[in-house]
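Engineer: Next one to model:
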Amino acid sequence: MTRDGSAGLGTRFARLWAASTLSALGSGLATVAAPLFVASRSDDPLVVAAASAVAWLPWLLFALPGGVLVDRVDRRRLMIIIDLVRVAALAVLALAIITDRAGVALLYAVLFVVNTGEIVFRSASQAVLPAVVPRERLERANGWLGGGTTLMQGMLAGPLGGFLFVLAAGSPFLVNAVTYALSAVLVALIGGDFRASTTTADGDARQSRSVWAEIVEGFRWLLGQRLLRTMSVLIGLLNVTLTAALAVLVLLAHERLGLGSVGYGLLFTCLAAGGVLGALVGDRLIARLTATWTVRVGLLIEAGLHLALAASRSAAVVGFALFAFGVHGALWNIVANSLRQRLTPPALQGRVASTTFFVAAGGNCAGALLGGVLAARFGITAPYWVGLAVAIGVSAATWRVFNRAAVASAYAEPAPASAPAPGLGAASGSGPGAASGAASGEQRAARVD
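Structural biologist: This is a model prediction of the structure:
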């Protein structure tokens, strides 16, 4: 960190990065502690699995309307309000657990509230970022945000969350509440006006339009953008196969790799370590390779991961494949987020980001079911062979879409000037396109977040 902020990106970005990283740590603690709490209250697999379902459900229900909200109000204030609501919900849960009055139903309710806030918060933070950093540094900023999230959730939250739960069952949730409170303070300290546009591109008053009409507007705009449309489809399809692969990884680690619980956990450490490395060097590596070849090579790495998981019985080979995939996942998120932020008009930032999150979440949900079905019916390696086939297919189908000319045009041109967002340009002071919210992984959710 330099004297003027994280990676020389300025004090405002340093505060946004600190808020995002603290929130990621707290969310990771709760993610680890929630199933532990449910398992301490019930040994019914359906009850335990329901905690994950409750965590994913808000992404499917509220991603799209959440994007409309982000594009209607002051995005920074919205992030602060969301953090404060989550602080209150988690404080109630922690107090109930400490006083031995908490049940599984209360945990489900709090998880639902927290994750509903998460999807809206992420859309808002993605919309805020282009107004906080210069356009030419979006890759570095997205890399730092992704790296902080991966470090906290992928490497630190697991062991720390387990330790805190053993120490006191309510402590992970209490610490999570504190991280959200600190996040709210840091976001409040970010100067500038982040008010969304009050009119549409046609000059109509946005408040007079229905939520559905605004969702359709964002969706239609995304469909009209070849690069972003293709990236969103890739996110959905590849998240299906990735989540299917990870859903049965514990069985593969035990049956084919001969790993115990510690070895299985180390596989995820390899994945997280690759993600952190990719986030730290991502902007420089993308500049050297170009975004075109970053996407293309990433698709080949995706296929290579599934091939290694399907064919190898070596834990070292699988660990290296996961490490390489972690690097690819970080670079993918940097390119995907930066392209979306560069190409999307300021007034549509929230809706376009939330639509991408919706597609990613749908892929995750479908993949979680598909992995178990394929493994049960055709054997433990079936999800990986299917993933290999899908990765090869989408690589061939989209190879020419991400050509040098199309990607170079996206990087060269400022964000469209239509539907300007009042105040954002003056707030950022960062040049053309800066006036236009974080994902593990727009972003492919499974890679980030």
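Engineer: Where does the prediction get shaky in the stretch 201-350 of the chain?
Structural biologist: In the predicted model, the stretch 201-350 of the chain carries pLDDT under 70 at residues 201-208.
Engineer: In three-state terms, how would L257 be classified?
Structural biologist: Applying DSSP: H, G, I helix; E, B strand; the rest coil to L257 yields a three-state assignment of coil.
Engineer: Contacts only, for it.
Structural biologist: G263, R313, S314, A315, V318 (C-beta atoms under 8 Å, 6 or more residues apart in numbering). Bear in mind the C-beta positions are built from the backbone N, C-alpha and C, glycine included.
Engineer: Looking at those, which is nearest R41?
Structural biologist: G263 (29.0 Å; C-beta to C-beta).
Engineer: What count of nearby residues applies to the closest one?
Structural biologist: 14 (other C-beta atoms under 10 Å).
Engineer: And it, which helix or strand is it part of?
Structural biologist: helix 261-289 (DSSP states H and E).
Engineer: What of L300?
Structural biologist: Per DSSP H and E: helix 291-311 holds L300.
Engineer: Go through that helix and flag the buried ones.
Structural biologist: Within helix 291-311, the residues that count as buried by 16 or more other C-beta atoms under 10 Å are 291-292, 294-296, 298-299, 301-310.
Engineer: ditto for stretch 364-374
Structural biologist: So, applying 16+ other C-beta under 10 Å, buried residues of stretch 364-374: N364, C365, A366, G367, A368, L370, G371, L374.
Engineer: With stretch 60-78 instead?
Structural biologist: Here stretch 60-78 shows 61-73, 75-76, 78 as buried, counting by 16+ other C-beta under 10 Å.
Engineer: just checking, what packs against the helix holding G263?
Structural biologist: Applying 3 or more C-beta pairs under 8 Å, 6 or more residues apart in numbering; DSSP states H and E, one finds that helix 261-289 contacts helix 138-150, helix 249-255, helix 291-311, helix 315-343.
Engineer: from the buried residues of stretch 60-78, which two are the most distant?
Structural biologist: Pairwise distances across those (C-beta to C-beta) peak at 24.5 Å, for the pair L61 and R76.
Engineer: before we move on, the earlier item: take the buried residues of stretch 364-374 and keep only those in helices.
Structural biologist: Applying DSSP state H to the buried residues of stretch 364-374, the entries found in helices are N364, C365, A366, G367, A368, L370, G371, L374.
Engineer: Find out how far stretch 78-88 is from the centre of the chain, if you would.
Structural biologist: Per C-alpha atoms, centre = their mean, to the nearest Å, the displacement of stretch 78-88 from the mean C-alpha position of its chain is 19 Å.
Engineer: Which secondary structure elements does the helix or strand containing A124 sit against?
Structural biologist: Element membership for A124 (DSSP H and E) is helix 104-132. If you count contacts as 3+ C-beta pairs under 8 Å, 6+ apart, helix 104-132 packs onto helix 11-41, helix 45-70, helix 75-98, helix 138-150, helix 315-343, helix 349-378, helix 424-428.
Engineer: Would you mind finding the most buried of those helices?
Structural biologist: Here the criterion is mean neighbour count by mean count of other C-beta atoms under 10 Å, and of the helices and strands packed on helix 104-132 the winner is helix 138-150, at a mean of 27.
Engineer: How many residues are close by A245?
Structural biologist: Per other C-beta under 10 Å, the neighbour tally for A245 reads 26.
Engineer: doesn't P383 make contact with it?
Structural biologist: Yes. Between A245 and P383 there is a contact under C-beta atoms under 8 Å: 5.4 Å.
Engineer: so what sits against both of these two?
Structural biologist: With contacts defined as C-beta under 8 Å, 6+ apart, the residues adjacent to both A245 and P383 are G371.
Engineer: in the helix holding A124, what's buried?
Structural biologist: Neighbour count says helix 104-132 has 104, 107-108, 110-132 buried, by 16+ other C-beta under 10 Å.
Engineer: what's the distance between that helix and the middle of its chain?
Structural biologist: 11 Å.
Engineer: ok, now stretch 348-359?
Structural biologist: 12 Å.
Engineer: In PDB, please show the C-alpha coordinates belonging to it.
Structural biologist: Taking C-alpha atoms only, stretch 348-359 is exported to PDB below (Å, rounded to 0.1, in the frame of the first residue of the first chain):
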ATOM      1  CA  LEU A 348     -27.300   0.700 -16.000                       C
ATOM      2  CA  GLN A 349     -24.300  -0.400 -14.000                       C
ATOM      3  CA  GLY A 350     -26.400  -1.900 -11.200                       C
ATOM      4  CA  ARG A 351     -28.800  -3.800 -13.400                       C
ATOM      5  CA  VAL A 352     -26.200  -5.200 -15.700                       C
ATOM      6  CA  ALA A 353     -24.000  -6.400 -12.800                       C
ATOM      7  CA  SER A 354     -27.000  -7.900 -11.000                       C
ATOM      8  CA  THR A 355     -28.100  -9.800 -14.200                       C
ATOM      9  CA  THR A 356     -24.600 -11.300 -14.400                       C
ATOM     10  CA  PHE A 357     -24.800 -12.300 -10.700                       C
ATOM     11  CA  PHE A 358     -28.200 -13.900 -11.400                       C
ATOM     12  CA  VAL A 359     -26.900 -16.000 -14.200                       C
END
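Engineer: between the buried residues of stretch 60-78, which is closest to R15?
Structural biologist: R76 (10.7 Å).
Engineer: Surely the closest one and L186 touch.
Structural biologist: No. Using C-beta under 8 Å, R76 is not in contact with L186; the gap is 10.9 Å.
Engineer: Mind listing the shared neighbours of the two?
Structural biologist: The overlap between the contact sets of R76 and L186 (C-beta under 8 Å, 6+ apart) is empty.
Engineer: Between all of the contacts of L257, which two are separated the most?
Structural biologist: G263 and R313 (13.3 Å).
Engineer: wait, what's in contact with I119?
Structural biologist: Counting by C-beta under 8 Å, 6+ apart, I119 makes contact with P58, W59, F62, A63, G66, S354, F357.
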